[in-house]
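Colleague: What follows is a predicted structure for the sequence shown.
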2 protein chains.
Amino acid sequence: MNRSIRSGILSLGLVVACCLALPRSVDAAPYQGLAEIIRTSAPGDWRTPDPENLLYLELDRGRVIIELAPDFAPQHVANLRTLARQRYFDGLAILRVQDNYVVQWGDPDEKNPRPVGAAKARLPAEFSRPSRGLAFDALPESDVYAPEVGFSGGFPAARDAVQGRAWLAHCYGMVGAGRDDDADSGGGTELYAVIGHAPRHLDRNVTLLGRVLQGMEWLASLPRGGGEMGFYEQPTERTPIRAMRVAADVEVARRTRIEVLRTDVPTFARVIEARRNRRDAWTKVPAGHIELCNVPLPVRVLP
Amino acid sequence: MNRSIRSGILSLGLVVACCLALPRSVDAAPYQGLAEIIRTSAPGDWRTPDPENLLYLELDRGRVIIELAPDFAPQHVANLRTLARQRYFDGLAILRVQDNYVVQWGDPDEKNPRPVGAAKARLPAEFSRPSRGLAFDALPESDVYAPEVGFSGGFPAARDAVQGRAWLAHCYGMVGAGRDDDADSGGGTELYAVIGHAPRHLDRNVTLLGRVLQGMEWLASLPRGGGEMGFYEQPTERTPIRAMRVAADVEVARRTRIEVLRTDVPTFARVIEARRNRRDAWTKVPAGHIELCNVPLPVRVLP
């Protein structure tokens, strides 16, 4: 017998987990785990991301699908589309994999950098935005780093009512634009994805512009770099990028049919509660709380 | 130029990160990043783990070093030593890798399980212990899951003064004993390590018994399993375990000379503060807070 710790859910990717219902009692509704909640969800609980907001990062090992967040980083998102449409990333490489931190990709040639053409090499920082006018479903939990956390358009986010600002949170799978010391020195030519415990101290210090919806395992399982900050020391260690494309530019037959659970529906509230208080046969002490980056954001791929 | 997000620190493994000091001002001491704090640390800031409390998990790709936590899980730790001394794990395999969750290893043969000999197949749960008599350095920060968090003997831990209990926390790199639905069904024959965002909802539901000090990248970069809960579907996908040994049983010349920063010294408080409030040239908004599982636990390997 494989003694296991049950996952209950997957934070990203397809749901495969168990759900052992406790015996019914008079007082409590039967417990539904994530898989059961997903199975009984309504079609309207799901959204199909706009293909203009999806990037396909094509590696030999598989496709990584990134959903862009124009509500938070409009200039970076527009610039990334322009870069992708110029095939800027094709033939570039994954340069850095630092354990429990980030995977980073871009141009390995510092001396003769690839021209950005109609795109921009540098953009003003988009670290936060006004919270006014932004849809925000608050998570009724405390947070170590921010006065308020929740979800906006499917992305984990934070909000400060006093300052009137909102920003994306550095949870697992979030994607941002690397920069130098100058806040305005990024632009999207170097991208990173979080592959470890959420480095939330980076919030409001880098422009986050999206998150990986699918294929996270192709990034997270890459060999770690042996150089400083996880950079690969030898060019041969790098993983080549076959292409990075806006999904809208890919012929329909080659697109991945992906759906994302909406974060503004009651089904999502049930997903959160199922993890906050697991009542399956395995769980002895329900946590009673849930941290922002532990909330699953279910995704499914249709055949 | 490689636009990067600076790590400042590594949570596990050798320290390699940058530390750009801000110009001195009259009011503020010059900022020291982790690398500088480590560089200027005193020999007494470091401890050498007892080789009776170290396990070497030997894989073809490298050595994974686990420090055991007998203060929290004395029965499981003693049982694991017995299992290792019987060479129980040699020739077994890594069976499961679930992205953003855990790596799990043990006996793949459910029908003819390897006998445990003088060890025990099942042990009483050691999910928490009395806080009385336990050294505990509190982290003066809030926590989503526990009334109080901090460090005990180098391990991230939590404490409840009302209940008078303390327990280890499921941070990245922590190692536990898988179990079935029965709380007392574990024992250490199946082990797991956390490879993603801290699944803190597992706290007090599984016996944590140690953490990976070094070689975490050999586990975290393994291919993810395609089966339910990340189990590999084909035996050929599994990673064989060459051996798992108590370091004390390994000849001295083949041991890894490892040192761990003490968590009860002022230098460790400086490490925490350097990450809580990064004041390097890259950081624009110091976080002002730090979450338990984002606190670096520095380790160094001597030549």
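Modeller: Right, received. Where do you want to start?

Colleague: contacts, neighbours, all on C-alpha from now
Modeller: OK.

Colleague: element containing the nearest residue in space to residue A:145 that is not next to it in sequence, please.
Modeller: Distances taken as C-alpha to C-alpha, 6 or more residues apart in numbering or on different chains put residue B:289 closest to residue A:145, at 5.9 Å, once the chain neighbours are dropped. If you go by DSSP states H and E, residue B:289 is not part of any helix or strand.

Colleague: dump the residue contacts of residue B:289.
Modeller: Contact analysis of residue B:289 by C-alpha atoms under 8 Å, 6 or more residues apart in numbering or on different chains lists A:144-145, A:201, B:141, B:276-277.

Colleague: got those residues as JSON lines, with secondary structure and pLDDT columns?
Modeller: Compiled in JSON lines, the contacts of residue B:289 are given as follows (DSSP: H, G, I helix; E, B strand; the rest coil; pLDDT from 0 to 100):
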{"residue": "A:144", "secondary structure": "coil", "pLDDT": "98"}
{"residue": "A:145", "secondary structure": "coil", "pLDDT": "98"}
{"residue": "A:201", "secondary structure": "helix", "pLDDT": "98"}
{"residue": "B:141", "secondary structure": "coil", "pLDDT": "97"}
{"residue": "B:276", "secondary structure": "helix", "pLDDT": "97"}
{"residue": "B:277", "secondary structure": "coil", "pLDDT": "96"}
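
Colleague: Are any of the residues you listed buried, and if so which?
Modeller: A:144-145, A:201, B:276-277 (16 or more other C-alpha atoms under 10 Å in any protein chain shown).

Colleague: Next, the contact list for the most centrally placed residue in chain A, please.
Modeller: Nearest to the mean C-alpha position of chain A, by C-alpha atoms, centre = their mean, lies residue A:211 at 2.6 Å. Taking C-alpha under 8 Å, 6+ apart, we find residue A:211 in contact with A:66-68, A:155, A:173-175, A:193.

Colleague: Ramachandran coordinates for it?
Modeller: Residue A:211 adopts backbone torsions of phi -150, psi 160, taken as degrees, to the nearest 10.

Colleague: so how many other residues sit close to the closest residue to residue A:169 other than its chain neighbours?
Modeller: Excluding the flanking residues, the one nearest residue A:169 by C-alpha to C-alpha, 6+ apart is residue A:157, at 4.9 Å. Residue A:157 has 26 neighbours, counted by other C-alpha atoms under 10 Å in any protein chain shown.

Colleague: Chain A: helices as residue ranges?
Modeller: In chain A, the segments counted as helices under DSSP state H are A:34-39, A:74-85, A:216-220, A:266-276.

Colleague: about what we covered before: and the buried ones among the contacts of residue B:289, which is closest to residue B:219?
Modeller: residue A:201 (25.2 Å; C-alpha to C-alpha).

Colleague: Surely residue A:209 touches residue A:75?
Modeller: No: under the criterion of C-alpha atoms under 8 Å, residue A:209 makes no contact with residue A:75, lying 9.6 Å away.

Colleague: When these two are compared, which one has more neighbours?
Modeller: A direct count of neighbours by other C-alpha under 10 Å for residue A:209 and residue A:75 places residue A:209 higher, at 28 against 18.

Colleague: which residues does that one contact?
Modeller: Contact analysis of residue A:209 by C-alpha under 8 Å, 6+ apart lists A:68-70, A:72-73, A:76-77, A:174-177.

Colleague: Next: residue A:230.
Modeller: Taking C-alpha under 8 Å, 6+ apart, one finds A:96-99, A:224 in contact with residue A:230.

Colleague: Residue A:293 now?
Modeller: Residue A:293 touches A:156, A:171-172, A:198, B:197, counting by C-alpha under 8 Å, 6+ apart.

Colleague: can the residues you listed go into CSV with extra columns for distance to residue A:34, neighbour count and pLDDT?
Modeller: Compiled in CSV, those are given as follows (distance: C-alpha to C-alpha, whole Å; neighbours: other C-alpha atoms under 10 Å in any protein chain shown; pLDDT from 0 to 100):
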residue, distance to residue A:34, neighbour count, pLDDT
A:156, 19, 25, 98
A:171, 20, 25, 98
A:172, 19, 27, 98
A:198, 22, 27, 98
B:197, 18, 26, 98
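
Colleague: What is the burial count for residue A:163?
Modeller: 9.

Colleague: Would you quantify the distance from it to residue B:290?
Modeller: Per C-alpha to C-alpha, to the nearest Å, residue A:163 is found 21 Å from residue B:290.

Colleague: If we ignore the residues flanking it in sequence, what's nearest residue A:259?
Modeller: In space, residue A:259 is closest to residue A:48, 4.8 Å off (C-alpha to C-alpha, 6+ apart).
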